[in-house]
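Enquirer: Need coordinates for the below:
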Amino acid sequence: MKGGAFRDHRDAGAPPSTARAHNAQGADELVVLDIDANRAGRVPDLDVFRAIASEIQIPLTVGGGVRDTATARLAMDAGADKIAVTTTALDRPELITELAELFGCQAVVLGIDVMMDDDGGKLFDHRAGMVAGDGDWLSWMLEAVRRGAGEVRLMSVGREGQRDGFDLSLHARARAAVNVPIILEGGAGTLDHLKEAMAAGADSLALGTMLVFSDNNLVKLKRVLAQAGHPMRP
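Expert: All right, here's what the predicted structure looks like:
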């Protein structure tokens with residue numbers, strides 16, 4: 001499913017076949033989130049993770065409903081290479097440390113969802129559709145990295161699915177604060193958006209709507225970025 005600003009989700013195709021297409025076109029990595037698991041209070045759909053893993057030869061990051069190391073182990077056994085945690089880590093920050101100690105920091109991806117405002121944005125909890133805690137996303141990111149998160153998936157909530165460009169000011173604040181890789185997500189719509197984000201120092205870009213609801217494909221996007229002077233994996 002793909003939505004806009006975490007609402008109005010649309011069917012984006014069968015996960016295994018979509019994953020197979022992205023793999024064939026040269027995706028560097030695939031991030032799959034079970035967006036209903038936390039709200040429903042259940043573990044993620046391991047069967048879907050397993051089906052996706054069987055179709056690809058690239059690293060797979062999975063998340064949604066991972067509340068403990070036992071569930072994370074099941075996700076790894078289903079084919080995941082990394083575990084993404086967002087709201088479950090907010091509920092119990094110790095989870096980050098536990099996962100890092102078990103799998104290594106490189107396998108723990110922290111999701112940071114930010115709803116932008118005039119004060120630089122607030123940490124967003126998608127379950128309640130409102131600000132999480134005191135909303136200080138930067139302090140939370142710093143704490144999570146200290147606890148062992150080895151990578152950050154940074155989402156500007158208001159730009160998700162809107163195709164109006166990445167929030168480069170949000171990325172700049174995060175980049176200045178931590179030295180772990182940052183996956184920038186939310187807003188990709190044109191080739192220029194990708195080039196601008198790479199030129200601004202983004203480590204990697206997460207794409208969804210731009211791929212599934214347009215005539216773009218990863219072969220074309222990577223070729224254009226390479227021609228603009230940005231190193232691309234073959």
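Enquirer: Return the distance of the one residue sitting closest to the centre of the chain relative to Ala14.
Expert: By CA atoms, centre = their mean, the chain has its centre lying nearest to Arg153, at 4.4 Å. In this view, Arg153 and Ala14 are 23 Å apart by CB to CB, to the nearest Å. Placement of C-beta: from N, CA and C, glycine included.
Enquirer: Could you do Pro234 as well?
Expert: Pro234 sits 28 Å away from Ala14, going by CB to CB.
Enquirer: Next secondary structure after the lengthiest strand in the chain?
Expert: Counting residues, the longest strand found in the chain (DSSP state E) is strand 108-115. Remark: after strand 108-115, the chain's next helix or strand is strand 122-125, criterion DSSP states H and E.
Enquirer: who's in contact with stretch 24-37?
Expert: Under the criterion CB atoms under 8 Å, 6 or more residues apart in numbering, residues 1, 9, 15, 19, 22-23, 43-45, 48-49, 52, 56, 58-65, 84, 109, 126, 153, 183, 204, 206, 217-219, 222, 233-234 lie in contact with stretch 24-37.
Enquirer: oh, I was asking about stretch 84-104
Expert: Stretch 84-104 is contacted by residues 31, 33, 38, 61-69, 72-73, 76, 83, 107-113, 123, 125-127, 132-133, 140, 143-144, 147-150, 153 when judged by CB under 8 Å, 6+ apart.
Enquirer: again, only using 7 Å
Expert: The contact list for stretch 84-104 (CB atoms under 7 Å, 6 or more residues apart in numbering) reads 31, 33, 38, 61-63, 66-67, 69, 72, 76, 83, 108-111, 113, 125-127, 132, 143-144, 147-149, 153.
Enquirer: one step back: now, the contacts of stretch 24-37 that are in helices?
Expert: If you go by DSSP state H, these have Pro15, Ala19, His22, Asn23, Val48, Phe49, Ile52, Leu218, Val219, Lys222 in helices.
Enquirer: Apart from its neighbours in sequence, what residue is nearest Glu185?
Expert: Excluding its sequence neighbours, the residue lying closest to Glu185 (CB to CB, 6 or more residues apart in numbering) is Ala206, at 3.8 Å.
Enquirer: Check that neighbour and give its pLDDT.
Expert: Looking at Ala206, its pLDDT is 94.
Enquirer: Please, where are all the strands along this protein?
Expert: With DSSP E as the criterion, the chain has strands spanning 2-4, 7-10, 30-33, 60-63, 82-85, 108-115, 122-125, 130-131, 151-156, 182-185, 204-206.
Enquirer: so which of those comes closest to Leu194?
Expert: With CB to CB as the criterion, Leu194 lies closest to strand 204-206 of these, at 6.1 Å.
Enquirer: mind checking which helix or strand of this protein has the lowest mean pLDDT?
Expert: strand 2-4 (a mean of 52; mean pLDDT, DSSP states H and E).
Enquirer: List buried residues within the ones in helices among the contacts of stretch 24-37.
Expert: With burial judged by 16 or more other CB atoms under 10 Å, the buried subset of the ones in helices among the contacts of stretch 24-37 is Pro15, Ala19, His22, Asn23, Val48, Phe49, Ile52, Leu218, Lys222.
Enquirer: So the fourth one sits against Ile56, correct?
Expert: Okay, so that is Asn23. Yes. Counting by CB atoms under 7 Å, Asn23 touches Ile56, with 4.1 Å between them.
Enquirer: Any stretches of this protein with poor pLDDT?
Expert: Along the chain, segments meeting pLDDT under 70 span 1-12, 213.
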